[in-house]
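Trainee: predicted model, plus sequence, below.
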Amino acid sequence: MAADRTDLHVEFAAPERGRVADRAEFLSAVDALPGLVEVRAAMRRAALLAPGSVLLDSGCGLGLEARRLAEAHPGATVIGLDRDPEILAAAGSGT
């Protein structure tokens, strides 16, 4: 992220005011935090994704977890949704 950026809340609230690369880098860094491994495991246990089920990841950002869930549960439908079209485009490109 750019050195002059210390708070991305404004960019997530109004994405048109910031750079998608900064938001994508932030989301990737948060995804790599060690404590999130336990959170993701708890979420997966609670989701109960059986074949034929549908899960909506609202506010999916880069779609990192949505992609992992879809790969782990090929019989389920996982849909990622975010209000930021630029971050969705980055998600679609695998960024």
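Mentor: Yep, it's here.
Trainee: residues touching the residue lying closest to Ala47 once chain neighbours are set aside, list them.
Mentor: Of all residues not flanking Ala47 in the chain, Leu55 sits nearest, at 6.0 Å (Cβ to Cβ, 6 or more residues apart in numbering). Every C-beta, even on glycine, is put in place using the N, C-alpha and C of the backbone. Leu55 makes contact with Ala47, Leu49, Ala66, Leu69, Ala76, Thr77, Val78, Ile79, according to Cβ atoms under 8 Å, 6 or more residues apart in numbering.
Trainee: in the sheet, who's paired with the residue nearest to Ala70 when sequence neighbours are not counted?
Mentor: Nearest residue to Ala70, sequence neighbours excluded (Cβ to Cβ, 6+ apart): Val78, at 4.0 Å. On the basis of DSSP bridges, Val78 is bridged to Leu55.
Trainee: Val78 contacts Ala66, correct?
Mentor: Yes. In this structure, Val78 is within contact of Ala66 by Cβ atoms under 8 Å, at 5.1 Å.
Trainee: list the residues that contact both of these two?
Mentor: Leu55, Asp57.
Trainee: these two: which has the busier surroundings?
Mentor: Shown here are Val78 and Ala66; by other Cβ atoms under 10 Å, Val78 has more neighbours (23 against 20).
Trainee: please enumerate the helices of the protein.
Mentor: Assigned by DSSP state H, the chain shows helices spanning 9-13, 20-31, 36-47, 64-72, 85-92.
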